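Asker: I would like to see how this sequence folds:
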Amino acid sequence: MSVDEAPGRALPRLGGRAGRREALAQALRNASYEVLPFTSTEEKVVAHVPRDVALTVTTTEAKGLGPTLDLAERLSRHGYSAAPHLAARLVRDDTHLTDIVAQLREAGIDSVFVIGGDAAEPAGTFPEALTLLERLDAIGHPFRTVGIGGYPEGHGHIGDVLIEQALERKAPHATHVITQLCFDAETTARWARTVGARGVDLPIRVGIPGAVSRQKLVRISAGLGLGQSARFLKKQQSMFWRFFLPGGYSPNRLVERLTPSFGQPDNNLAGFHVFTFNELEKTEAWRRARLAELSR
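Answerer: Predicted coordinates:
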């Protein structure tokens, strides 16, 4: 199975230590990577990322949708499955959306990740992800896979009840969920069980940081407002040693703590979505090393 098929398929339900190891290995084999649309990104991806690793390309209010769409196109030409983030609040109107869809379809891109976006005010007629998802359905659901966001620690600007209700309403328009970063494995697992109990049965890809320098991780995490984990790391300077190893952050501890939840019947955890922060060489080396360990 190629990794771009992974969002629609849950991990096998296997018991015991061997089963958990196999579920973890499959989650790592089918991991997807998130990249930032910087000038050097294309070169780094081609140099260090295998073409069977699915990619998502972020978008920001400051850069707008243009760099995201353009990078997704270029990566697609290199043979990658590259899903751009479509930030609803940056889409002006139906005409703009139709143009975006046409651009992506012409480039052979059949996957997107739909978010509300961070813009303080919407640029047009799509104030949140749901309205954009509904419009995509109305124009013929042109994409094979559609990801939506999950928030194990809540959302910085939306109340917990509202954000979970929004997930339930968006789920019928999507094929998988990608969670925001959360450094607490039990929080993620508990949230996944709750989501399932509320009727959302989409495969969930767990957002984890890649092998990133600690300075970059703290700086970007704090800037993105990633819930209690980021606030804890920002404030508890003396506790960094619990999360960071000399030379940089390693995802191993978080991955190991998540392992017991993979392959279990009470959630839909289906793989990892790695926030690389463009540390692609280090992150891919880490993934390969972990897979080698699990194959022994």
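
Asker: Got the confidence number for the residue nearest to Val101 when sequence neighbours are not counted?
Answerer: In space, and not counting its chain neighbours, Val101 is closest to Pro142: 5.3 Å by CB to CB, 6 or more residues apart in numbering. Where C-beta positions appear, they are placed from N, C-alpha and C, glycine not excepted. Pro142 carries a pLDDT value of 87.

Asker: Around Pro142, count how many other residues there are.
Answerer: 16 (other CB atoms under 10 Å).

Asker: C-terminal to the worst-scoring helix or strand of the chain on mean pLDDT, what's the next element?
Answerer: Lowest by mean pLDDT, DSSP states H and E among the helices and strands of the chain is helix 227-235, with a mean of 46. Next helix or strand after helix 227-235 toward the C-terminus (DSSP states H and E): helix 252-258.

Asker: Check the offset of that following helix from the chain's centre.
Answerer: Relative to the centre of its chain, helix 252-258 is centred 17 Å away, using CA atoms, centre = their mean, to the nearest Å.

Asker: Which elements pack onto the helix or strand just after it?
Answerer: Moving toward the C-terminus from helix 252-258, the next helix or strand (DSSP H and E) is strand 269-275. Contacts defined by 3 or more CB pairs under 8 Å, 6 or more residues apart in numbering; DSSP states H and E place strand 269-275 against helix 16-29, strand 32-35, strand 176-179, helix 185-197, strand 204-209.

Asker: Compare those and give me the one nearest Tyr80.
Answerer: With CB to CB, the closest approach to Tyr80 among the helices and strands packed on strand 269-275 belongs to strand 32-35: 9.6 Å.

Asker: The residue lying closest to Arg190 once chain neighbours are set aside: what's it in contact with?
Answerer: Sequence neighbours aside, Pro152 is the residue nearest to Arg190 in space, at 8.0 Å (criterion: CB to CB, 6+ apart). With contact set as CB atoms under 8 Å, 6 or more residues apart in numbering, Pro152 has these partners: 179-180, 182, 184, 187-188, 190-192, 227.
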